[in-house]
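> this one's sequence-less:
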């Protein structure tokens, strides 16, 4: 599969719950959480789809925790925070 990382935040409409998940994920990334920890957090919240939407502009993608862990930390935190503020 080939996925294209979006340069800017795609237009998304998020619930307050989804925004809280993104804020929590940003904190985990800053704490240098493992890919497994990030994946577990998303699994518990059942909010994988929002990760694909805000990073790829798609409804699905690679395993979310490992995907996030493979990206530059500063970029991930900035995108998660930006999306959680919309």
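Okay, I see it. All values reported here derive from a predicted model rather than from experimental measurement.
> contacts for the helix ranked longest in the chain?
In the chain, with assignment by DSSP state H, the single longest helix is helix 16-30. Contacting residues not belonging to helix 16-30 are listed as 14, 37-38, 41-42, 45, 47, 50, 54, 68, 73, 76-77, 80-81, 83-86 [CB atoms under 8 Å, 6 or more residues apart in numbering]. Placement of C-beta: from N, CA and C, glycine included.
> Drop anything exposed from those residues.
14, 37-38, 41-42, 45, 47, 50, 54, 68, 76-77, 80, 83-84 (16 or more other CB atoms under 10 Å).
> Could you report the neighbour count for the nearest residue to residue 39 once chain neighbours are set aside?
Among residues not flanking residue 39 along the chain, residue 65 sits closest, at 2.5 Å (CB to CB, 6 or more residues apart in numbering). Neighbour count of residue 65, defined by other CB atoms under 10 Å: 23.
> Show the pLDDT at residue 65.
With respect to pLDDT, residue 65 has a value of 94.
> need the contact list for it.
Residue 65 makes contact with 35, 36, 37, 38, 39, 40, 41, 42, according to CB under 8 Å, 6+ apart.
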